[in-house]
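Novice: Provided below for reference: sequence and predicted model.
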Amino acid sequence: MVDFAATERVSALAGHYTPGRFGNGAEGSDQTAGVILEVMQGLALHQVAAWAESIDAVGEKTAEVAGAKSVPDPCSATSGSEASVLRIEPLKWWVYGAAAPTLSAEQGATLDLSHSRTHIRITGDDAVTFLNRHVSLDLRESAFPEGSVASTVLHHVGVTLWRSDQGYEMFIPRGFALSLWEMLVETAEQFGLEVI
């Protein structure tokens with residue numbers, strides 16, 4: 001029997017990208033890269049779903065495993081000493097960076113999404129302009145501040161976008177990762193791209 005919990009998580013983009021500078025910010029150019037794309041490795045992502053009558057208890061358990069002081073409101077995230085918790089739906093959270101809490105069937109259900117998503121971090125001075133070429137979200141500071149979470153569409157594919165303290169974290173379904181990555185790279189080159 002395969003122990004999937006111990007299986008190394010490999011990004012769907014492994015072997016399909018080259019770190020470096022491209023486009024207007026190519027190697028040897030004086031221009032700084034306006035967009036930085038980083039393929040994040042070793043994703044640990046677990047979904048926690050509660051029933052309507054158990055939402056408070058499950059929310060508290062979820063915050064506890066993350067070492068967070070509070071449960072995030074819908075469309076927001078909170079980070080704790082162990083992990084981050086993203087409230088992706090009214091009755092669902094994602095735990096980023098740690099395992100899900102143990103729940104009884106009466107409380108809710110958990111699901112390991114680690115192998116099903118590809119995680120890309122987007123930063124740089126032109127990150128918002130770049131993202132607005134693809135997602136129909138108002139990413140201004142007043143509308144999408146740090147800690148915001150949204151489900152949106154990227155070229156007809158459902159993705160989740162979280163504005164963490166590190167940048168914009170995009171979670172893409174694994175099966176669409178390569179085609180969307182190629183599109184993101186092509187768009188980012190006009191701003192000067194650095195791939196990490």
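Specialist: Now that the structure is in, tell me what you want to look at. Worth saying up front: this structure is predicted, and the values here are computed from it rather than measured.
Novice: show me where this protein dips below the pLDDT cut-off.
Specialist: Within the chain, the segments meeting pLDDT under 70 span 1-7, 25-30.
Novice: domains of it?
Specialist: The chain breaks down by automatic domain parsing into domains covering 14-42+115-195, 45-112.
Novice: now those domains in JSON lines, with mean neighbour count and distance to residue 8?
Specialist: The C-beta positions use only the backbone N, C-alpha and C, and glycine is treated the same way. Shown next, in JSON lines, are the domains of the chain (neighbours: other Cβ atoms under 10 Å; distance: least, Cβ to Cβ, whole Å):
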{"stretch": "domain 14-42+115-195", "mean neighbour count": "17", "distance to residue 8": "8"}
{"stretch": "domain 45-112", "mean neighbour count": "18", "distance to residue 8": "14"}
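Novice: which other residues reach stretch 48-66?
Specialist: 69-71, 78-85, 91-95, 97-101, 103, 106-111 (Cβ atoms under 8 Å, 6 or more residues apart in numbering).
Novice: now swap in stretch 134-146 and tell me
Specialist: Contacts for stretch 134-146 (Cβ under 8 Å, 6+ apart): 128, 131-132, 150, 152-155, 159, 161, 163-165, 168, 183-184, 187.
Novice: stretch 71-81 now?
Specialist: 59-60, 62-63, 66-70, 84-87, 89-90, 93, 147-150, 162, 164-165.
Novice: show me how far it is from its chain's centre.
Specialist: How far stretch 71-81 lies from its chain's middle: 13 Å, per Cα atoms, centre = their mean, to the nearest Å.
Novice: ends of it, what's the gap?
Specialist: Stretch 71-81 stretches 14 Å from its first residue to its last (Cα to Cα, to the nearest Å).
Novice: surely residue 12 touches residue 179?
Specialist: No - counting by Cβ atoms under 8 Å, residue 179 is not a contact partner of residue 12; they are 10.4 Å apart.
Novice: sorry, back to before: take the contacts of stretch 71-81 and keep only those in helices.
Specialist: 59, 60, 62, 63, 66 (DSSP state H).
Novice: can you verify residue 24 is assigned to a helix?
Specialist: Yes - per DSSP: H, G, I helix; E, B strand; the rest coil, residue 24 lies within a helix segment.
Novice: lovely, talk soon.
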